[in-house]
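Colleague: Got a predicted model here, sequence first, then my questions.
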Amino acid sequence: MNLPSDFSAAIQRHGARLSSALDGVFVLSDSAVSGWQIIEMPHRDLLRATVRFRLSIRPIGEGKADFCVHHALGMELARVGRDGTLIHSDPNFLKDYSFQQGESGWLDLDFLFFNQAPAVIFGLTRPTSRYTGSNTPQFELKTPQLEVVESRWTPTQQDPLRIVEIGTRTAADPVWQPFAEGLRIMAFTPLPSEVEALRTQLPADRGHVVIGKALSDRNGTSPFSITKVSGYSSIFKPDFQRLKGYAAADDFQLVSESKVETCRFDAFVKQGDAVPPDVIRINAPGFEYNALRGFGDALDQVLAVEVQLYVYPVYKKQKLLGDIVDLLESSGLLLRRALPPAKRPYARFSNEVMQMTGLFMRKRPSDESRGRHELMEEIWGLPPAP
């Protein structure tokens, strides 16, 4: 795979600048923009691929920056000094690096790495990765050569990753953006005010579905409590006896109450309107356990679950961390990581851990689903399961 000889595909929005010189040589300069001094050159085949990236560079006398390559935007893979030596690297992604001194001060660089972006990203760096340049030429370079050595499974329109979400916004999350074309999201919300906004974010012509109901373990209707801080609104009522003495109690004050429709997910599967998803992402305050129970046997085919876990009850009738761990374990899903609470709720609960985010994954994925399983480990930053 060769990059365009005129670099016409370069997206030069990240500070660094390329300009043409003579005889197929280009000049790489920094700019007075504060931030990354890098060039992003997109190519779909580079996403989740092991890539060999070769290029020749020659330092320009007045420059002071080092050369760098990123494995994802803002994630530095390798930093190379002006003499070609490797100053810093990420051993989790860089598999090999070498360089040779060429004629007339040229350095021939050879990188082998696992790439997490649908682009090759390279540029300039100083002791800090982000800096304000001075429009100074730093390196001459010749057209890079690119080879995809190995590709891993990546979601596509024809072979998508299917996600069911409640109270999360996968489409707006930067972590998921590189895979946007291959995501098929089925989102649930009981609030009419959120339905239209979600349908704008998740258009039906891209294969997404928005359901204006609350996922539950039963089909029907239920009261729904709207709280002062909307993120605590729930089918269950807050337990103010438990909340007493915490600053967070004010966040749970009831603003209004409405009636919402509830539904089981497995009902959609039985009707042929849905298939068991690869991933479930749930933020349904206090009601997570009930929503998961509504998946029924479909839960046995799910690969990964992201769910809020409550250590102590802040709603009446709610199930806690141990209940959800037991439920998911019975379907072959094990807790791989627990993420700490966000700063504000932690402080509002007197710096006590009331809730956390649990990341669960299937212990033994099938050969057919292994690529999806590996993708979720990468997205969540988990080490590969033994």
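Modeller: Ah, there it is.
Colleague: burial measure for residue 167, as a count.
Modeller: By other Cβ atoms under 10 Å, 21 other residues sit near residue 167. Every C-beta, even on glycine, is put in place using the N, C-alpha and C of the backbone.
Colleague: wouldn't residue 337 be in contact with residue 383 here?
Modeller: No. Taking contacts as Cβ atoms under 8 Å, residue 337 lies outside contact range of residue 383: 9.7 Å.
Colleague: who touches both of these two?
Modeller: Common contact partners of residue 337 and residue 383 (Cβ atoms under 8 Å, 6 or more residues apart in numbering): none.
Colleague: so residue 44 sits right up against residue 118, yeah?
Modeller: Yes. Residue 44 lies in contact with residue 118 (Cβ under 8 Å); the separation is 5.3 Å.
Colleague: Between these two, which has more neighbouring residues?
Modeller: Taking other Cβ under 10 Å, residue 44 and residue 118 do not tie; residue 118 has more neighbours (20 against 12).
Colleague: how far away is the more buried one from residue 164?
Modeller: 25 Å (Cβ to Cβ, to the nearest Å).
Colleague: circling back to that earlier point, which one's more surrounded, residue 337 and residue 383?
Modeller: residue 337 (15 against 9).
Colleague: How about the more buried one, nearest residue that isn't a chain neighbour?
Modeller: residue 359 (4.5 Å; Cβ to Cβ, 6 or more residues apart in numbering).
Colleague: what's that neighbour in contact with, if anything?
Modeller: By Cβ under 8 Å, 6+ apart, the contact set of residue 359 is 304, 305, 306, 335, 336, 337, 338, 339, 380, 382.
Colleague: after the helix or strand hosting it, next one along is what?
Modeller: Taking DSSP states H and E as the definition, residue 359 sits inside strand 355-362. Once the chain leaves strand 355-362, the next helix or strand it forms, by DSSP H and E, is helix 370-379.
Colleague: what's in contact with that next one?
Modeller: The contact list for helix 370-379 (Cβ under 8 Å, 6+ apart) reads 48, 116, 152-155, 161, 175-176, 179, 278-279, 303-304, 361-362, 365, 382-385.
Colleague: just the buried members of the residues you listed?
Modeller: Burial by neighbour count, 16 or more other Cβ atoms under 10 Å: within the contacts of helix 370-379 this picks out 48, 116, 153-155, 161, 176, 179, 278-279, 303-304, 361-362, 365.
Colleague: Among those, which lie within strands?
Modeller: Among the buried ones among the contacts of helix 370-379, DSSP state E puts 161, 279, 304, 361, 362 in strands.
Colleague: is it true that the fourth one touches residue 383?
Modeller: No. Checked against Cβ under 8 Å, the pair residue 361 and residue 383 is beyond contact range at 11.4 Å.
Colleague: chain center to stretch 360-377, what's the gap?
Modeller: 16 Å (Cα atoms, centre = their mean, to the nearest Å).
Colleague: cool, stretch 183-199 as well?
Modeller: On the basis of Cα atoms, centre = their mean, stretch 183-199 sits 20 Å off its chain's mean C-alpha point.
Colleague: So what sits opposite residue 183 in the bridge?
Modeller: residue 161 (DSSP bridges).
Colleague: thought it was touching residue 175?
Modeller: No. Using Cβ under 8 Å as the test, residue 183 is too far from residue 175 to be in contact (11.6 Å).
Colleague: Give me the angle between the strand holding residue 359 and helix 370-379.
Modeller: Angle of strand 355-362 versus helix 370-379, following axes from the mean of the first three to the mean of the last three Cα atoms, to 10 degrees, is 150 degrees.
Colleague: Reformat the ones in strands among the buried ones among the contacts of helix 370-379 as TSV; add pLDDT and distance to residue 231.
Modeller: Below are those laid out as TSV (pLDDT from 0 to 100; distance: Cβ to Cβ, whole Å):
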residue	pLDDT	distance to residue 231
161	96	26
279	97	21
304	97	23
361	97	26
362	95	29
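Colleague: now these in TSV, with distance to residue 125?
Modeller: Below are those laid out as TSV (distance: Cβ to Cβ, whole Å):
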residue	distance to residue 125
161	33
279	35
304	34
361	34
362	39
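Colleague: Quickly name whichever of those residues is closest to residue 90.
Modeller: Residue 90 has its nearest neighbour among these in residue 361, at 23.2 Å by Cβ to Cβ.
Colleague: In contact with that closest one, which residues?
Modeller: For residue 361, the contact set (Cβ under 8 Å, 6+ apart) comprises 303, 304, 305, 333, 334, 336, 373, 376, 377, 382, 385.
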